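S.K.: what's the 3D shape of this:
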Amino acid sequence: MIYSVRGKVAAMEPGLAVIECAGVGYACRTSTNTLSQIRDKNEVFLYTYLHITENAVDLFGFADSSELSCFKQLISVSGVGPKAALSILSDFTPSKVALCIATGDSKTLTKSPGIGTKIAQKIVFELKDKIAKEQHFSSAELQSLPQSGGNNVTEAMEALAVLGFAPAQINSALMGADPSASVEELIKFGLKNLASG
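M.R.: Numbers count the residues shown, from 1 in each chain. The predicted model follows:
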């Protein structure tokens with residue numbers, strides 16, 4: 001399994017970056033968000049995901065771990081392939097995708113090319129349901145979070161869970177958050193703390 005690649009950008013084209021590592025060029029399929037982050041850099045680092053099917057072996061690369069986690073979550077939904085996941089991640093940040101899922105906003109996801117209403121609804125339904133079953137927060141953890149605007153905090157916690165963060169990480173990341181903040185602001189606050197931690 002290839003965990004990551006580090007090297008020079010040998011070539012770039014829509015949806016693809018070739019990263020040269022020790023003389024070997026790794027063709028990494030990726031989102032426009034990642035391409036914009038690595039453009040004009042001398043050396044880049046990408047988290048990778050190796051996708052193997054009967055007819056192909058593809059390497060996917062992402063500038064940050066949250067985008068990789070979101071990609072994995074999306075392709076875990078039956079009927080959602082890597083191409084569809086990249087389409088979504090090319091139009092939206094991982095935090096925005098997580099927010100759509102946590103709030104049940106499937107309509108926004110349909111703005112991505114190739115994402116129809118049924119697939120968008122399936123993404124929201126399957127991932128939101130999975131979070132509800134897998135993520136468990138203790139009463140002590142919940143009490144340590146901002147108390148007013150509790151619904152926003154809960155939605156932000158669910159959104160961060162979509163990105164693959166554990167309850168303890170999410171709890172720590174949201175400590176000290178503004179109780180009156182919106183869901184999106186809480187997610188950004190949490191992601192900033194998680195990135196610096």
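S.K.: can you pull out the strands in this protein?
M.R.: Taking DSSP state E as the test, the strands found in the chain are 4-13, 16-21, 24-29, 44-52, 57-62.
S.K.: what's the most buried one of those strands?
M.R.: For the strands of the chain, the largest average neighbour count (mean count of other C-beta atoms under 10 Å) is found in strand 57-62, namely a mean of 20. The way it works is simple: take the backbone N, C-alpha and C, and place the C-beta from them, glycine included.
S.K.: remind me what it packs against, helices and strands.
M.R.: strand 24-29, strand 44-52, helix 65-75, helix 82-91 (3 or more C-beta pairs under 8 Å, 6 or more residues apart in numbering; DSSP states H and E).
S.K.: any idea which of the ones you listed scores lowest on pLDDT?
M.R.: Lowest mean pLDDT within the helices and strands packed on strand 57-62: helix 65-75, at a mean of 91.
S.K.: quick revisit: format the helices and strands packed on strand 57-62 as JSON lines; extra columns: distance to N151.
M.R.: Output for the helices and strands packed on strand 57-62, formatted as JSON lines (distance: least, C-beta to C-beta, whole Å):
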{"stretch": "strand 24-29", "distance to N151": "37"}
{"stretch": "strand 44-52", "distance to N151": "32"}
{"stretch": "helix 65-75", "distance to N151": "22"}
{"stretch": "helix 82-91", "distance to N151": "25"}
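S.K.: nearest to P167, out of those?
M.R.: Ranking those by proximity to P167 (C-beta to C-beta) places helix 65-75 first, at 15.0 Å.
S.K.: excluding its backbone neighbours, what's nearest the residue nearest in space to the middle of the chain?
M.R.: Taking C-alpha atoms, centre = their mean as the criterion, C70 is the residue nearest the geometric centre of the chain, at 2.7 Å. Distances taken as C-beta to C-beta, 6 or more residues apart in numbering put P94 closest to C70, at 4.0 Å, once the chain neighbours are dropped.
S.K.: pretty sure the one you found is touching S65, no?
M.R.: No - checked against C-beta atoms under 8 Å, the pair P94 and S65 is beyond contact range at 9.4 Å.
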